[in-house]
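J.: sequence first, predicted model second:
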Amino acid sequence: MTKTLFSKLLLSAAIGLAGFAAHAQWPERTITLVVPLAAGGSTDTTARLVAEKLGTELGQSVIVDNRAGAGGNIGGAYVAKATPDGYTLLMSTSTIATNVSLYKNMGFDLQKDLIPVSQVALIPNVLMVNNAVPARNLQEFVDYVRQKKGTVNFGSAGNGTSQHLSGALFNSMAQGDMVHVPYKGGAPANADLLGGQIQAVFSPLVEVLPYIDSGKLRALGVTTKARSPRLPDVPAIHEALPGFDVVLWNGVFAPAGTPAAVVTRLNTAIAKILQDPGMRKVLADQGSTPVGNTPAEFKANLAVEIDKWGKLVKLSGARVD
């Protein structure tokens, strides 16, 4: 071995050790967790809870930065183009998988520009009706929409949202003809449901529990295959329409190119905080189920989700240019 080659090998080893040491010391400053939705929603609430616990676990502050717009694509693109050093992360929802089929151009490539770190929680949608609707249970509602074709209106947070796609799947499987009424967000849809302007909404459980608990709205079914422990007496829609299954989720992503050691550290920390009894209770009280899977598991699941939501988008006919 020549002296020059030996020197190059020593230099390469030194650079590698320096990089390893730098990653081992991560994090050394504040981490930003971008939420691609407006403040106050269920994803934002969960993100702030995760940020607080994650900051304690990592020994550095984790702040939430809301960058809403374009169905979550603005925040997603911001993180996809951020420096891949682990200091800018994304807390997204299953909407990010839907957007692959819904938008012609998201502003980034989900599977190339972001690294799945860990799913945080699974969230069911719940089929709710107002108290003026005569159907008292799930099977009665299935029969009701079949009999009243074209006269039952269901609201959503907008075209292509999980609420819209849940309703489209319900229509298809129940052989009904409910009319979709898109709103600019879940809150106005729920307000019109309360007011009787529409008859049904498929809404994320965490967002409507107060209405259900108070009896202002009637929960007829959850969109997951299994019943929700938070509403054990409410059947899964799958029980009346076998195969019906719509599961929402949220999860953490990092920019592509983020060092593997940093991704592993993040994943380990998230998995740990999701085992915290206090954290699990808060999520359970919201009707959510903690996950904490590995990056490889999340990546594999993401591919399945993109395909699943793509089929629902096609079924619904939704499109956003």
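T.: Ah, there it is. Numbers count the residues shown, from 1 in each chain.
J.: following the longest strand along the chain, which helix or strand comes up?
T.: Across the chain, the strand with the greatest residue count (assigned by DSSP state E) is strand 114-130. Sequence order places helix 138-147 as the next helix or strand after strand 114-130, per DSSP states H and E.
J.: quick one: contacts of that next one?
T.: With contacts defined as CB atoms under 8 Å, 6 or more residues apart in numbering, helix 138-147 is touched by 127, 129, 133-135, 152, 170-171, 174-178, 200, 220-221, 235, 237, 239-241. All C-beta atoms are positioned from the backbone trio N, CA, C, and that covers glycine.
J.: can you check what angle separates the longest strand of the chain from helix 138-147?
T.: 80 degrees (axes from the mean of the first three to the mean of the last three CA atoms, to 10 degrees).
J.: what are the phi and psi values at Thr56?
T.: Per-residue torsions, Thr56: phi -60, psi -40 (degrees, to the nearest 10).
J.: domain-wise, how is the chain divided?
T.: As recorded under automatic domain parsing, the domains making up the chain are 27-123+247-316, 124-239.
J.: for the first one, the distance to its chain's centre please.
T.: The one in question is domain 27-123+247-316. A distance of 8 Å separates the C-alpha centroid of domain 27-123+247-316 from that of its chain, computed with CA atoms, centre = their mean, to the nearest Å.
J.: ok, back up a step: tabulate the domains of the chain (CSV), appending mean neighbour count.
T.: Formatted as CSV, the domains of the chain follow (neighbours: other CB atoms under 10 Å):
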stretch, mean neighbour count
domain 27-123+247-316, 19
domain 124-239, 19
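J.: any chance of CSV for those domains, columns mean pLDDT?
T.: Conversion of those to CSV gives the following (pLDDT from 0 to 100):
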stretch, mean pLDDT
domain 27-123+247-316, 96
domain 124-239, 95
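J.: partners of the longest strand of the chain, with directions?
T.: When sheet partners are counted by DSSP bridges, strand 114-130 sits next to strand 200-204 (antiparallel), strand 217-222 (antiparallel), strand 247-255 (antiparallel), strand 289-290 (antiparallel).
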